[in-house]
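Student: Sequence and predicted structure, then a few things I'm wondering about:
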Amino acid sequence: MNDSAHSEAERAGQSDRTNRADHEDMAGKTDQRRPILFFDGVCGLCNRFVDLLLKADSRDRFRYAPLQGDTAQRMLGMDDETGNRETGNRETGNRETGSLPLGSSRVGSFNNGGLQSFVFLENDRRYEQSNAVLLALRRLGGVWRLIVLLYVFPRPFRDFVYRIVARNRYRWFGRREACRLPAPEERGRFLP
């Protein structure tokens, strides 16, 4: 192969690598814009809920991350093995939607006792407790939109029921020794 042909082949290879890197960067940016469901990675109920969403989410709408993982620590400020949030400034967020601005923290009984099991992050807004579960199901579309019927119950009541289940989830549904490892076909949908 002469020098000019060799240089042309190198440039083509470099261009191909650059295109792949650009594509991977764009895929990463696309993933960042997708809603993320943070879940308790060792909770039996939480993992069953994620399994349900994986099957129902045929349009690949969501990304999933354990509350015990690096993504939750970086994006939500989770600080311990049960996925509880670091204590910080108390912010009320939007009472109507039950959302909090990204990066905000709330102090109180929600942190104590490991009641954090789901956090739904969408468009830089964090939804917790019953709103996280209901919004994730609603975002699936189709028949799942009927979940809005549960919004007739006042949020304090829904969150009360959520906290009872969250408090007893390990006893009722089991606890794994380690966080869920995604199957090979699921790996692209999970964040660390």
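Tutor: Sure, I can see it. Worth saying up front: this structure is predicted, and the values here are computed from it rather than measured. Numbers count the residues shown, from 1 in each chain.

Student: Find the helix or strand that Asp159 is a member of.
Tutor: Using DSSP states H and E, Asp159 sits within helix 155-173.

Student: Please enumerate the strands of this structure.
Tutor: Applying DSSP state E to the chain gives strands spanning 36-39, 63-66, 99-101, 118-122, 125-128.

Student: For these, give me a markdown table that also has distance to Asp51 and mean pLDDT.
Tutor: Backbone N, C-alpha and C define where each C-beta goes, glycine included. Shown next, in a markdown table, are the strands of the chain (distance: least, CB to CB, whole Å; pLDDT from 0 to 100):
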| stretch | distance to Asp51 | mean pLDDT |
| --- | --- | --- |
| strand 36-39 | 11 | 94 |
| strand 63-66 | 10 | 95 |
| strand 99-101 | 26 | 45 |
| strand 118-122 | 14 | 93 |
| strand 125-128 | 21 | 93 |
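
Student: export these to a markdown table and tack on distance to Pro182?
Tutor: Putting the strands of the chain into a markdown table (distance: least, CB to CB, whole Å) gives the following:
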| stretch | distance to Pro182 |
| --- | --- |
| strand 36-39 | 12 |
| strand 63-66 | 8 |
| strand 99-101 | 27 |
| strand 118-122 | 17 |
| strand 125-128 | 23 |
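
Student: Could you look over those and pick the most buried one?
Tutor: strand 36-39 (a mean of 27; mean count of other CB atoms under 10 Å).

Student: other SSEs contacting it?
Tutor: The elements that strand 36-39 packs onto, with contact taken as 3 or more CB pairs under 8 Å, 6 or more residues apart in numbering; DSSP states H and E, are helix 44-56, strand 63-66, helix 70-76, strand 118-122.

Student: can you list contacts of it?
Tutor: 46-47, 49-50, 53, 62-67, 71-72, 75-76, 78, 83, 117-122, 132, 136, 191 (CB atoms under 8 Å, 6 or more residues apart in numbering).

Student: circling back: pipe the helices and strands packed on strand 36-39 into TSV and attach distance to Phe153 per row.
Tutor: Converted to TSV, the helices and strands packed on strand 36-39 look like this (distance: least, CB to CB, whole Å):
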stretch	distance to Phe153
helix 44-56	19
strand 63-66	26
helix 70-76	26
strand 118-122	17
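
Student: what about the ones you listed, which gets the closest to Arg167?
Tutor: Ranking those by proximity to Arg167 (CB to CB) places helix 44-56 first, at 11.9 Å.

Student: Show me what that closest one is packed against.
Tutor: The helices and strands touching helix 44-56, judged by 3+ CB pairs under 8 Å, 6+ apart, are strand 36-39, strand 63-66, helix 129-139, helix 155-173.

Student: that older thread, buried residues of the helix holding Asp159, list them for me.
Tutor: The neighbour-count check on helix 155-173 (16 or more other CB atoms under 10 Å) flags 155, 158-159, 162-163, 166, 169-170 as buried.
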